[in-house]
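Engineer: Quick one, fold the following:
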Amino acid sequence: MNKNELAAAIKQLKEQLAEVEEERGFILSQTGRHVPGHIVRDYEATIDRLQKELSHLQELLAGKEEKTNQ
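Structural biologist: Below you'll find the predicted structure:
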């Protein structure tokens, strides 16, 4: 992936992460409604996966930018 593709992928992952966190917050904040534990774990697993992917792509982009600056 080149720098532009990495930047686009990072942007997309950030948007996905924000959407999932917003959805999780909405679902979990509903009072009077029981949310099964597996739903909570699914949200946490998805958020964790997105954060790891985002971190990996950011490291790749930083490495490419370092090579460009040398």
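Engineer: What strand or helix carries residue 50?
Structural biologist: Per DSSP states H and E: residue 50 is located in helix 37-69.
Engineer: by contact count, what packs against that helix?
Structural biologist: For helix 37-69, the packing partners by 3 or more Cβ pairs under 8 Å, 6 or more residues apart in numbering; DSSP states H and E come out as helix 3-29. (Each C-beta comes from the backbone N, C-alpha and C, glycine too.)
Engineer: Report the angle between the helix it packs on and helix 37-69.
Structural biologist: Put simply, helix 3-29 runs at 160 degrees to helix 37-69, going by axes from the mean of the first three to the mean of the last three Cα atoms, to 10 degrees.
Engineer: What helices and strands are in contact with helix 3-29?
Structural biologist: With contacts defined as 3+ Cβ pairs under 8 Å, 6+ apart, the packing partners of helix 3-29 are helix 37-69.
Engineer: how far does the helix it packs on sit from the chain's center?
Structural biologist: Centroid displacement of helix 37-69 relative to its chain, using Cα atoms, centre = their mean, to the nearest Å, is 6 Å.
Engineer: Next, the buried residues of that helix.
Structural biologist: For helix 37-69, burial by neighbour count (16 or more other Cβ atoms under 10 Å) applies to 43, 46, 50, 54, 57, 61.
Engineer: show me the contacts for residue 7.
Structural biologist: residue 61 (Cβ atoms under 8 Å, 6 or more residues apart in numbering).
Engineer: Which residues does stretch 16-36 contact?
Structural biologist: With contact meaning Cβ under 8 Å, 6+ apart, stretch 16-36 is reached by 39-40, 43, 46-47, 50-51, 54.
Engineer: Now render those as a markdown table, adding pLDDT and distance to residue 22.
Structural biologist: Putting these into a markdown table (pLDDT from 0 to 100; distance: Cβ to Cβ, whole Å) gives the following:
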| residue | pLDDT | distance to residue 22 |
| --- | --- | --- |
| 39 | 91 | 15 |
| 40 | 89 | 15 |
| 43 | 95 | 11 |
| 46 | 97 | 13 |
| 47 | 97 | 11 |
| 50 | 98 | 13 |
| 51 | 98 | 15 |
| 54 | 97 | 16 |
